[in-house]
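Student: I'll drop the sequence and a predicted model, then ask my questions.
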Amino acid sequence: MKNYYDILGIDKTASADDVKTAFRTLAHKYHPDKKGGDESKFKEVSEAYAILSDKKRRAEYDTYGRTFQSDGGGFSGFDFSQFSRDFDGQGFEFDLGDVFSEFFAGNRGGGGGRRGRDISIDIELSFKESVFGVERRVLLSKISPCVACGGFGASPNSKKHTCTSCNGKGEIKETRSTFFGRFTSNKTCAECRGQGSVPDSPCAECRGNGVLKREEEIRVTVPAGVSAGEMIRMPRMGEAVPFGTPGDLYVKLHVAPDNVFMREGTHITMTLSIKLTDALLGAEYKIKTLDGEETVRIPAGVTHGELIRIKGRGVPTNRGNRGDLLIRVAIGLPKKLSPEAQKLIERLKKEGM
């Protein structure tokens, strides 16, 4: 995964002006039309600038390590040979991100190599669900493949004819003039969306788009042993695009605190309050664990804060075993003593206890 801050040689706290200054310096250094220039380095610093100069893209990159606006088209079809020869990287008062944005956006005109938007949702789990895992069903309203036509955009048994806009090639070459010179890119045909053909009778449900917005039930399988803040990635479960690849669904997990149990790595901890006499003489206590009721043997002479371990009652691991349940002993002291109890304590005191 690319580190755009390292590519531009700046810190994550860099201001918008710092980003622009760093880009101009490196663009001047690596410009492919300059002696000693480096085309691949120039593309790399331009990509970093296009992301970090855009507030929304930069926020997404800082949060997820990637951006959700880009469809991964890169600089396909970028013609550097037409770049302006007198580029000096100094004193320009324009946003270079606008110039390069169309090349990072991929084929926005239609389907083809397009990728749908990623979606992020949040799910709250109970402590027990985070330990043992759970399956959740979530109802999402999103752009999904059309059920009626199977995502093909054509009515059943409809014939197809060659697209007249691209002559069946599925893409159109587009050349634009900019401040730098002329840019040439291959753009997916908007008429046939990269298919090269158009149905004679479009699907009535989606109007030939192959996708439409609808509610869809998603099954989210949460594995055992997850922690708060973890993210589950569900490939191709995000939003769809006409004749393209669906985006991904990201599920962020939140774990509600439990009144009894806490987690420490693969171990689960809890506190058990016992009587002073049981601490001195030993006893058995029945406790409720995540696995059900357990009997705990309190050894005679146990001290306050001592841990009693029940093996294999902790958090499951990916190696097929489990951590332990750690029971922290809390010895309760009576606030008031009856006259008889006070006499007994005084006798124990004389015994040196």
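Tutor: Perfect, thanks for sending it.

Student: Please make it C-alpha for all contacts and neighbour counts, starting now.
Tutor: Will do.

Student: Go through stretch 272-280 and flag the buried ones.
Tutor: If you call a residue buried by 16 or more other CA atoms under 10 Å, then stretch 272-280 has these buried ones: 272, 274, 276, 278-279.

Student: Give me the residue at the spatial middle of this structure.
Tutor: Closest residue to the average C-alpha location of the chain: Tyr250 at 4.7 Å, with CA atoms, centre = their mean.

Student: one step back: out of the buried residues of stretch 272-280, list just those in helices.
Tutor: Residues of these located in helices (DSSP state H): 276, 278-279.

Student: tell me the SS of Ala59?
Tutor: Using DSSP: H, G, I helix; E, B strand; the rest coil, the structure places Ala59 in helix.

Student: Give me the pLDDT value at it.
Tutor: Here, the pLDDT recorded for Ala59 equals 84.

Student: Could you measure from it over to Ala14?
Tutor: The gap separating Ala59 from Ala14 is 13 Å, by CA to CA, to the nearest Å.

Student: the more surrounded of these two?
Tutor: Between Ala59 and Ala14, Ala59 has the larger neighbour count (other CA atoms under 10 Å), namely 15 against 12.

Student: Please report how far that one lies from Lys41.
Tutor: 24 Å.

Student: How about Val302?
Tutor: 67 Å.

Student: which is the next helix or strand following the lowest-mean-pLDDT helix or strand in the chain?
Tutor: The weakest-scoring helix or strand in the chain, judged by mean pLDDT, DSSP states H and E, is helix 96-104 (a mean of 43). Next helix or strand after helix 96-104 toward the C-terminus (DSSP states H and E): strand 119-125.

Student: my guess is Ala48 meets Ile7, correct?
Tutor: Yes: with contact defined as CA atoms under 8 Å, Ala48 reaches Ile7; the gap is 6.9 Å.

Student: The two: which has the busier surroundings?
Tutor: Legend: neighbour count by other CA under 10 Å for Ala48 and Ile7, higher for Ala48 (22 against 18).

Student: Backbone dihedrals for the more buried one, please?
Tutor: When read as degrees, to the nearest 10, the backbone of Ala48 gives phi -60, psi -40.

Student: And the helices in the stretch 1-150 of the chain?
Tutor: Assigned helices in the stretch 1-150 of the chain, in chain order: 4-8, 16-30, 39-52, 55-64, 96-104, 127-132 (criterion: DSSP state H, counting those that start in this stretch).

Student: now stretch 238-254: mean pLDDT?
Tutor: Stretch 238-254 shows a mean pLDDT of 92.

Student: going forward, begin numbering at 849 instead of 1
Tutor: Got it, first residue is 849 now, which makes that one stretch 1086-1102.

Student: okay, how far is it across that stretch, tip to tip?
Tutor: End-to-end distance for stretch 1086-1102: 20 Å, by CA to CA.

Student: Return the distance of it from the chain's centre.
Tutor: 11 Å (CA atoms, centre = their mean, to the nearest Å).

Student: go on, stretch 1107-1114?
Tutor: For stretch 1107-1114, the distance to the chain centre is 25 Å (CA atoms, centre = their mean).

Student: count of neighbours near Lys1198?
Tutor: So Lys1198, with other CA under 10 Å, has 9 neighbours.

Student: Pull up the gap between it and Tyr912, please.
Tutor: The value you get for Lys1198 to Tyr912, if CA to CA is used, is 67 Å.

Student: neighbours of the closest residue to Val986 other than its chain neighbours, just the number please.
Tutor: Spatially, and ignoring its direct neighbours in sequence, Val986 is nearest to Ile1066 (5.1 Å; CA to CA, 6 or more residues apart in numbering). By other CA under 10 Å, 13 other residues sit near Ile1066.

Student: Ile1066 contacts Ser989, doesn't it?
Tutor: No: applying CA under 8 Å as the test, Ile1066 and Ser989 come out as separate, 10.3 Å apart.

Student: other SSEs contacting the host helix or strand of the residue nearest to the centre of the chain?
Tutor: Here Tyr1098 is covered by strand 1097-1103, with elements defined by DSSP H and E. Judged by 3 or more CA pairs under 8 Å, 6 or more residues apart in numbering; DSSP states H and E, strand 1097-1103 is in contact with strand 967-973, strand 1079-1082.

Student: okay, now Lys1035: neighbour count?
Tutor: 24.

Student: Quick check: bridge partners of it?
Tutor: Ile1020 (DSSP bridges).

Student: Okay, Gly1162 and Thr1114: tell me how far apart.
Tutor: 6 Å.

Student: Now do the shared contacts for those two.
Tutor: 1170-1172 (CA atoms under 8 Å, 6 or more residues apart in numbering).

Student: Just the buried residues of those residues.
Tutor: Looks like the shared contacts of Gly1162 and Thr1114 have 1170-1172 buried, using 16+ other CA under 10 Å.
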